[in-house]
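Trainee: what's the 3D shape of this:
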Amino acid sequence: METLAPTFTVSRNDGAREVHWSAAGLWTDGKVAELQGALFQAAKPFIDDAKGFRVLGDLREFAVQPRDLAEKMRLSQENSARVGVTRMALLVSSTLVKQQFRRVSAALECQFFSEKAAALAWLRG
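Mentor: Got it, this is the predicted structure:
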């Protein structure tokens, strides 16, 4: 990771009923709100039709977050389950990030992967 500045991308795969996102860096409250808004907008068609959807998150450049942001992550994961996320695959390269997301993701069926192909195979399986 070259910088700790928080960055993200979000996209939707309509055919697969998936939202794909990536996040990097060390986060702030404001950047968390931006990401949550972008994820909601991408997922809105799936939320509106209430048929469920899957999520692929790429956290390979993500830093372990402070405790107050970890609580926001937990609430976000709980909200994801409420709005229809049926499965979430997370790409991770850090054991500490994996442990942090495992703690905050109890509300979801969530698995961790190092390779995108394996994550997509599980997500769609």
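Trainee: Can you show me the strands along this protein?
Mentor: 7-13, 18-25, 53-62, 85-91, 110-113 (DSSP state E).
Trainee: when you compare where the fourth one runs with where strand 18-25 runs, what's the angle?
Mentor: In other words, strand 85-91. 40 degrees (axes from the mean of the first three to the mean of the last three CA atoms, to 10 degrees).
Trainee: Tell me which of the strands of the chain lies nearest to Lys72.
Mentor: Lys72 lies closest to strand 18-25 among the strands of the chain, at 12.5 Å (CB to CB). In this view, the C-beta of every residue, glycine as well, is placed from N, C-alpha and C.
Trainee: Please tabulate the strands of the chain in TSV, including the columns mean pLDDT and distance to Lys98.
Mentor: Compiled in TSV, these are given as follows (pLDDT from 0 to 100; distance: least, CB to CB, whole Å):
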stretch	mean pLDDT	distance to Lys98
strand 7-13	98	19
strand 18-25	97	14
strand 53-62	97	8
strand 85-91	98	8
strand 110-113	98	5
